[in-house]
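> Structural data only, the sequence is not supplied:
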(Lines give C-alpha, C1' and ligand atoms only; values in the text may rest on other atoms or scores of the structure.)
Protein backbone atom coordinates (compact mmCIF):
# COMPACT_ATOMS: atom_id res chain seq x y z
CA UNK A 1 0.00 0.00 0.00
CA UNK A 2 1.36 3.32 -0.89
CA UNK A 3 0.55 6.16 1.40
CA UNK A 4 -1.92 8.64 0.02
CA UNK A 5 -3.95 6.54 -2.42
CA UNK A 6 -7.64 7.07 -3.30
CA UNK A 7 -9.01 5.04 -0.38
CA UNK A 8 -6.66 6.58 2.21
CA UNK A 9 -5.61 10.04 0.95
CA UNK A 10 -3.60 11.05 4.03
CA UNK A 11 -2.44 7.55 4.97
CA UNK A 12 -4.35 7.78 8.27
CA UNK A 13 -5.68 4.23 8.22
CA UNK A 14 -2.26 2.95 7.16
CA UNK A 15 -0.64 4.65 10.14
CA UNK A 16 -3.33 3.51 12.60
CA UNK A 17 -2.46 -0.13 11.90
CA UNK A 18 1.16 0.60 12.81
CA UNK A 19 0.49 2.19 16.22
CA UNK A 20 1.10 -0.33 18.99
CA UNK A 21 -1.60 -0.39 21.64
CA UNK A 22 -4.01 1.92 19.82
CA UNK A 23 -7.47 1.96 21.40
CA UNK A 24 -10.86 1.78 19.73
CA UNK A 25 -11.77 5.37 20.71
CA UNK A 26 -8.51 6.57 19.11
CA UNK A 27 -9.39 4.57 15.99
CA UNK A 28 -12.82 6.21 15.87
CA UNK A 29 -11.16 9.63 15.95
CA UNK A 30 -8.81 8.63 13.13
CA UNK A 31 -11.75 7.18 11.18
CA UNK A 32 -13.63 10.48 11.44
CA UNK A 33 -10.59 12.43 10.22
CA UNK A 34 -10.18 9.88 7.40
CA UNK A 35 -13.85 10.19 6.37
CA UNK A 36 -13.59 13.98 6.30
CA UNK A 37 -10.45 13.82 4.16
CA UNK A 38 -12.10 11.81 1.36
CA UNK A 39 -12.97 13.75 -1.77
CA UNK A 40 -16.70 14.47 -2.06
CA UNK A 41 -17.00 12.33 -5.19
CA UNK A 42 -15.37 9.32 -3.50
CA UNK A 43 -17.67 6.35 -2.74
CA UNK A 44 -17.12 5.99 1.02
CA UNK A 45 -18.54 2.47 1.13
CA UNK A 46 -16.20 1.31 -1.63
CA UNK A 47 -13.25 2.96 0.13
CA UNK A 48 -14.08 1.19 3.41
CA UNK A 49 -14.44 -2.17 1.61
CA UNK A 50 -11.06 -1.62 -0.08
CA UNK A 51 -9.42 -0.85 3.27
CA UNK A 52 -10.99 -3.89 4.93
CA UNK A 53 -9.72 -6.08 2.08
CA UNK A 54 -6.26 -4.53 2.35
CA UNK A 55 -5.94 -5.06 6.11
CA UNK A 56 -7.88 -8.31 6.58
CA UNK A 57 -4.66 -10.23 7.28
CA UNK A 58 -3.67 -7.92 10.16
CA UNK A 59 -5.51 -10.04 12.72
CA UNK A 60 -7.77 -8.53 15.36
CA UNK A 61 -7.33 -4.77 15.45
CA UNK A 62 -9.56 -1.96 16.76
CA UNK A 63 -9.40 -0.14 13.41
CA UNK A 64 -10.82 -3.21 11.67
CA UNK A 65 -13.73 -3.11 14.12
CA UNK A 66 -14.28 0.60 13.48
CA UNK A 67 -14.16 0.15 9.69
CA UNK A 68 -16.62 -2.74 9.90
CA UNK A 69 -18.96 -0.65 12.08
CA UNK A 70 -18.66 2.24 9.64
CA UNK A 71 -19.62 0.04 6.72
CA UNK A 72 -22.57 -1.44 8.65
CA UNK A 73 -23.70 2.05 9.70
CA UNK A 74 -23.85 3.13 6.07
CA UNK A 75 -26.25 0.30 5.24
CA UNK A 76 -28.73 1.30 7.96
CA UNK A 77 -31.55 3.45 6.59
CA UNK A 78 -31.86 6.89 8.13
CA UNK A 79 -34.94 8.98 8.46
CA UNK A 80 -34.96 12.70 8.41
CA UNK A 81 -35.60 14.19 11.79
CA UNK A 82 -37.74 17.10 12.84
CA UNK A 83 -40.77 18.38 11.05
CA UNK A 84 -39.41 17.45 7.60
CA UNK A 85 -39.39 13.80 8.58
CA UNK A 86 -43.02 13.99 9.66
CA UNK A 87 -44.28 16.25 6.87
CA UNK A 88 -46.53 14.67 4.27
CA UNK A 89 -45.81 15.27 0.64
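Received, thanks. What you see is a predicted model, and the numbers here were worked out from it, not measured in a lab.

> going forward, measure contacts and count neighbours with C-alpha atoms only.
OK.

> Give me the buried stretch members for the helix or strand hosting residue 67, please.
Under the criterion of DSSP states H and E, residue 67 resides in helix 62-75. Buried residues in helix 62-75, defined by neighbour count with 16 or more other C-alpha atoms under 10 Å: 62, 63, 64, 66, 67, 70, 71.

> How about stretch 32-48?
Result for stretch 32-48 [16+ other C-alpha under 10 Å]: buried residues 34, 35, 38, 44, 45, 47, 48.

> can you tell me which residues contact the closest residue to the fifth one other than its chain neighbours?
Looking back up the chat, that one is residue 45. Using C-alpha to C-alpha, 6 or more residues apart in numbering and skipping the chain neighbours, the partner closest in space to residue 45 is residue 71 (6.2 Å). Residue 71 is in contact with 45, 48, 49, counting by C-alpha atoms under 8 Å, 6 or more residues apart in numbering.

> Count the neighbours of residue 20 for me.
7 (other C-alpha atoms under 10 Å).

> re earlier: what is the nearest of the contacts of residue 71 to residue 13?
Nearest to residue 13 out of the contacts of residue 71 is residue 48 (C-alpha to C-alpha; 10.1 Å).

> what helices or strands is the helix or strand encompassing the closest one leaning on?
Using DSSP H and E, residue 48 falls within helix 44-55. If you count contacts as 3 or more C-alpha pairs under 8 Å, 6 or more residues apart in numbering; DSSP states H and E, helix 44-55 packs onto helix 62-75.

> how about 10 Å then?
If you count contacts as 3 or more C-alpha pairs under 10 Å, 6 or more residues apart in numbering; DSSP states H and E, helix 44-55 packs onto helix 12-16, helix 24-37, helix 62-75.

> Between the ones you listed, which one is closest to residue 6.
Closest to residue 6 of the helices and strands packed on helix 44-55 is helix 24-37 (C-alpha to C-alpha; 10.4 Å).
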